[in-house]
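>>> whatever this is, show me its structure:
(2 chains)
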Amino acid sequence: MELAVIDFETTGLSAGRDRIIEVGAVILRDGRVAESFVQLMHPGFPIPSFITGLTGISNAMVRDMPPPEEVMPRLGQFLDRHPCLAHNASFDSRFLAAEMARAGLGRERPFLCSMRLARRLVPDAPNHRLGTLVQHLGLRPPDGCRAHRALDDVLMTVALWNHLETELAGWLNGKSPDFAFCHRLMTRPKAAAAKLLREAAVSVP
DNA sequence: TGCCAGGCCCTCTTTAGGGCCTT
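Take a look at the predicted model:
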């Protein structure tokens, strides 16, 4: 399954009030990064100091950067028709929809959520934050990877997804899971998701 | 003036509340 893995750094949590200040995205093909896209953006107002402390993205870094509405057409072309994957996808899909609408480019995109899948497949993790899961599973993000920068968070999500996909393929007798199966798994209640896995394990030849 | 996200998910639930995740 080809996926676009995406992550936004923003000025806050509200898609209605806050703006995107950085996007990272990659096209994942056979578990490998085939293309990548990263861009800082100027939100049109000062970045809150809390966000600069969290992400390291300062007002000086975005001073000469384009506003989100200028970046969205290029991002839309990059994502093309790929289904998207993000960690806590409801957050990123809300911001993507809000910024696309501001740019006059409204289009709903299907999303998978690595956090919701991990809650089904890694129930014993201390918590389901991206960094915790990567550490808990012993995954190795690329050297120099820094949490809360968009492309680095994308690469950690890729590492997590590759682990989850391998685990799902184990349930499916080696067959790679498709989008519909992953979506069913992450949207069903816990007990129903567990039943879905058990049924898949015996029904896939 | 005062406030400011939103949706999933669990449970001491369903006539509800609060923790988890994302920035």
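>>> pLDDT value on residue A:107, please?
At residue A:107, the model reports a pLDDT of 77.
>>> which ones are touching it?
Neighbouring residues of residue A:107 by CB atoms under 8 Å, 6 or more residues apart in numbering: A:76, A:100. From N, CA and C alone the C-beta is placed, and that goes for glycine too.
>>> run the last query once more with 10 Å
The contact partners of residue A:107, by CB atoms under 10 Å, 6 or more residues apart in numbering, come to A:76, A:79, A:81, A:96, A:97, A:100, A:101.
>>> greatest separation within those residues: which pair is it?
Farthest-apart pair in those is A:81 and A:101; separation 18.9 Å (CB to CB).
>>> in terms of neighbours, single out the busier of the two.
residue A:101 (14 against 9; other CB atoms under 10 Å).
>>> hmm, the more buried one is touching residue A:76, no?
No - checked against CB atoms under 10 Å, the pair residue A:101 and residue A:76 is beyond contact range at 11.9 Å.
>>> find the nearest non-adjacent residue to the residue minimising distance to the centre of chain A, please.
Nearest to the geometric centre of chain A sits residue A:86, at 1.6 Å (CA atoms, centre = their mean). Nearest non-adjacent residue to residue A:86, counting by CB to CB, 6 or more residues apart in numbering: residue A:92, 4.0 Å away.
>>> now residue A:184
The shortest distance from residue A:184 to any non-neighbouring residue, by CB to CB, 6+ apart, is to residue A:196 (6.2 Å).
>>> could you report the pLDDT at that neighbour?
On pLDDT, residue A:196 comes in at 88.
>>> helix/strand/coil for it?
Under DSSP: H, G, I helix; E, B strand; the rest coil, residue A:196 falls in the helix class.
>>> could you list every residue that touches residue A:145?
A:131, A:134, A:151, A:152, A:153, A:155, A:156, A:159.
>>> if we use 8 Å, what do you get?
Contacts of residue A:145 (CB under 8 Å, 6+ apart): A:152, A:155, A:156.
>>> among these, which lie within helices?
Taking DSSP state H, the ones among the contacts of residue A:145 that sit in helices are A:152, A:155, A:156.
>>> okay, those in TSV with distance to residue A:53, neighbour count and pLDDT next?
Formatted as TSV, those follow (distance: CB to CB, whole Å; neighbours: other CB atoms under 10 Å; pLDDT from 0 to 100):
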residue	distance to residue A:53	neighbour count	pLDDT
A:152	17	18	95
A:155	22	21	96
A:156	20	25	96
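>>> returning to what we had before: by neighbours, which of the contacts of residue A:107 wins?
Greatest neighbour count in the contacts of residue A:107, by other CB under 10 Å, goes to residue A:96: 27 neighbours.
>>> ok so it is a strand residue?
No - counting by three-state DSSP, residue A:96 is located in no strand; its state is helix.
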